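Enquirer: structure of the sequence below:
(chains A and B)
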Amino acid sequence: MRAPLKIDLHHQNPLLGNSTVQLIAILLWALLFTYPCVRHGITTGYDAATHVRYQHHFSRQFWRGDFYPRWLAEENKGYGSPIFLIQYPLPYFVTALLRPLAAFPSTSDRDARELGVFMFVALAAAGVAARFWFSKFSSTVAATVAAVAYLSLPYFMVGIYLRAAIGEVSALVFMPLALAFCESTHKAKCSIFPLSASFALLTISNPIIALLFIPVLFTYALLSARQMGVTLAASARRLSLALILSFGLASIYLIPVLAYRGLFHLDGLVQSLPDFEVGRVTLIITFAMSCPLPLYLCCRFQPLSIQRFRFLRQSNSLSDSAVSSRLLPRD
Amino acid sequence: LTASSLDRHLGEEILLRRGSLVVFGMVLILVIGAGIITCRVDEAFRDPRSAVQYDETQDLDLMYRTYVAPLQLDAFAKIVGTKPSTYFAAPQPVDGVFRARLIDGAGTVELRRENPRCISISSDCRGNARLLLTQLYFPLWKKISSDDTSPDAGVGVSPEGLLEVPIASGSKRFQLVFDGGAPERWGRRITIASLLFSLIGYPFSAVRAKAGRHE
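Expert: Residues are numbered from 1 along each chain as shown, chains lettered A, B, ... in the order given. Prediction:
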């Protein structure tokens, strides 16, 4: 048998424990994984051409004073398009705002290159958001390594390079952020505000993912509330308030979508193009999101939390006796 | 899950075997690597393709099938060089000039695009006429005229799915506006109100919570 290894990264190498170094590591990792996008622009994924066209008209109208372009006047070979009555706007706003910073020459690939930079910004932000959430229940080194693993997930890479799914990549920033603030609401009620902002941004990034994410958020809130000694009713009330406020924040997008959804005929798209599969994509996303959830929740709130408590009890580092009494196993 | 596991593996106090950390790292790398190679994401790194170019001659939204009325779908597809049943669109020269023409009646018409959502029209027609604009019809287009008692009347759809506006005889001035109506206005107002509430409420409640902790 080999001897056990005691690892103390903070004391062995203070550099690793430095938050700035950890954040730079996340940014560099995001840059590494999006290098082809940053260098050449968004690549020829499934929806890349569609996003480039939308972005071209969106940025053009935005910088000509149309703050929220709902009608793309020159789309469809100049005949116009009302697509931004229902299309999520956040990735396009962020990419439009990147234009003065990126300062790419005005060529036919400028929009694609700006979307490539957006992919880097989104991935880096997703890494920082994930680290923020993970650091709520783990050391900063573990949170950073896990955030890097989160960024490296094949789902991200497929979203960036194969599907060019800018809405989903944008949503991956706000899901860990919402979970982090969801946990914070148990300690401080004022965290309802950042939680609502995170969920509103998730909604205008990709409303389908936001809708699918609501049960995940409720489950997480209720389980983490139980662990932290907050009643289920209080936790549900805070989360409901945050969701109502997030609906208010996202109303500029959501209310027109709800009011005018009847003017768009998705069935017409499916009838014209039988190979266009709206339902299957939604099912795959639902399945992909829900599969790891039971495993995660079991590990996050049951065995690991008890283990962590034992570790904390041994090191006498748990100062809050009220919390400890709730975490203490009955034996 | 990864963070929780790593937290235990990298923790300062917990004694673990070196092997479990190595196995954990290998599983992580295997999952990520296998996923990336299976989906052929590695090709984007090994053989970076050039970025997607914006091409205005093929600037056609796949979703036009959802917002062009079903009766006009085939005719609209034809004028943009495609068919509803195909993804292919024939390249067509686009000069970016917004046009209109009288398809019925005679007279003169002047157009000015104020902004993407507003078109000003001055007309002087002999008898009733109909004006066809090179802009897609959508139910939110509205005719706003100071001398018209029913401002919404008259915005119609041509057989190709384009905007068609009847014009009465004589000198007329009116605007065509893409109007999001009450949902757009209320959406904007509610967002602004929620934003103000959040910007004021968050610091206020944070200060209150801090004061409560001190007490």
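Enquirer: all strands for the stretch 201-331 of chain A, in order.
Expert: With DSSP state E, counting those that start in this stretch, there are no strands along the stretch 201-331 of chain A.
Enquirer: would you map the helices across it?
Expert: For the stretch 201-331 of chain A, the helices defined by DSSP state H, counting those that start in this stretch occupy A:207-227, A:232-249, A:251-260, A:266-272, A:278-290, A:292-301, A:303-315, A:321-327.
Enquirer: contacting residues for residue 57?
Expert: In the absence of a named chain, chain A is used. Neighbouring residues of residue A:57 by Cβ atoms under 8 Å, 6 or more residues apart in numbering or on different chains: A:69, A:72-75, A:81. All C-beta spots, glycine's among them, are computed from the backbone N, C-alpha and C.
Enquirer: that's the other chain; I wanted chain B
Expert: A:77, B:91-94.
Enquirer: and which of the contacts of residue A:57 is nearest residue B:180?
Expert: Residue B:180 lies nearest to residue A:69 out of these, by Cβ to Cβ, at 11.6 Å.
Enquirer: and residue 26, how many neighbours?
Expert: By default, I'm working from chain A. Counted with other Cβ atoms under 10 Å in any protein chain shown, residues neighbouring residue A:26 total 23.
Enquirer: that was the other one, I meant chain B.
Expert: 10.
Enquirer: same deal with the one 5 residues further on?
Expert: The tally of other residues near residue B:31 (other Cβ under 10 Å) stands at 14.
Enquirer: now check stretch B:172-192, is it near chain A?
Expert: Yes: counting by Cβ under 8 Å from any Cβ of the partner chain, contacts between stretch B:172-192 and chain A involve B:178, B:180-184, B:186-188, B:190-191.
Enquirer: going by distance to residue B:154, which of those residues wins?
Expert: Nearest to residue B:154 among the residues of stretch B:172-192 next to chain A, with distances taken as Cβ to Cβ, is residue B:178, at 15.5 Å.
Enquirer: excluding sequence neighbours, find me the nearest residue to the closest one.
Expert: residue B:117 (4.0 Å; Cβ to Cβ, 6 or more residues apart in numbering or on different chains).
Enquirer: where in the chain is pLDDT low?
Expert: Since no chain was named, I'll use chain A. A:1-17, A:274-331 (pLDDT under 70).
Enquirer: wrong one, I was asking about chain B
Expert: B:1-21, B:48-51, B:147-153, B:214-215.
Enquirer: repeat that for 90
Expert: Applying pLDDT under 90 to chain B flags residues B:1-60, B:62-63, B:69-70, B:80-108, B:123-130, B:144-155, B:166-173, B:205-215.
Enquirer: list the buried residues in the longest strand belonging to it.
Expert: Looking across chain B with DSSP state E, the single longest strand is strand B:118-136. Buried residues in strand B:118-136, counted by 16 or more other Cβ atoms under 10 Å in any protein chain shown: B:119, B:121, B:123, B:125, B:129-136.
Enquirer: strand partners (parallel or antiparallel) of it?
Expert: strand B:100-115 (antiparallel), strand B:162-167 (antiparallel), strand B:170-178 (antiparallel) (DSSP bridges).
Enquirer: next helix or strand past it?
Expert: Going down the chain from strand B:118-136, the next helix or strand is strand B:141-144, by DSSP states H and E.
Enquirer: and that next one, what does it pack onto?
Expert: Counting contacts by 3 or more Cβ pairs under 8 Å, 6 or more residues apart in numbering or on different chains; DSSP states H and E, strand B:141-144 packs against strand B:170-178.
Enquirer: partners of residue B:131 in the sheet?
Expert: Beta-bridge partners of residue B:131, as defined by DSSP bridges: residue B:102, residue B:165.
Enquirer: neighbour-wise, which of the contacts of residue B:57 leads?
Expert: Counting neighbours by other Cβ under 10 Å, the top entry in the contacts of residue B:57 is residue A:77, with 23 neighbours.
Enquirer: contacts only, for that one.
Expert: B:56-57, B:59-60, B:80-81, B:92, B:94.
Enquirer: now secondary structure too, for these, in JSON lines please.
Expert: Formatted as JSON lines, these follow (DSSP: H, G, I helix; E, B strand; the rest coil):
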{"residue": "B:56", "secondary structure": "helix"}
{"residue": "B:57", "secondary structure": "helix"}
{"residue": "B:59", "secondary structure": "coil"}
{"residue": "B:60", "secondary structure": "coil"}
{"residue": "B:80", "secondary structure": "coil"}
{"residue": "B:81", "secondary structure": "coil"}
{"residue": "B:92", "secondary structure": "coil"}
{"residue": "B:94", "secondary structure": "coil"}
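Enquirer: could you count how many residues lie near residue B:199?
Expert: Neighbours of residue B:199 under the rule other Cβ under 10 Å: 11.
Enquirer: wasn't it part of a helix?
Expert: Yes: Residue B:199 sits within a helix when classified using three-state DSSP.
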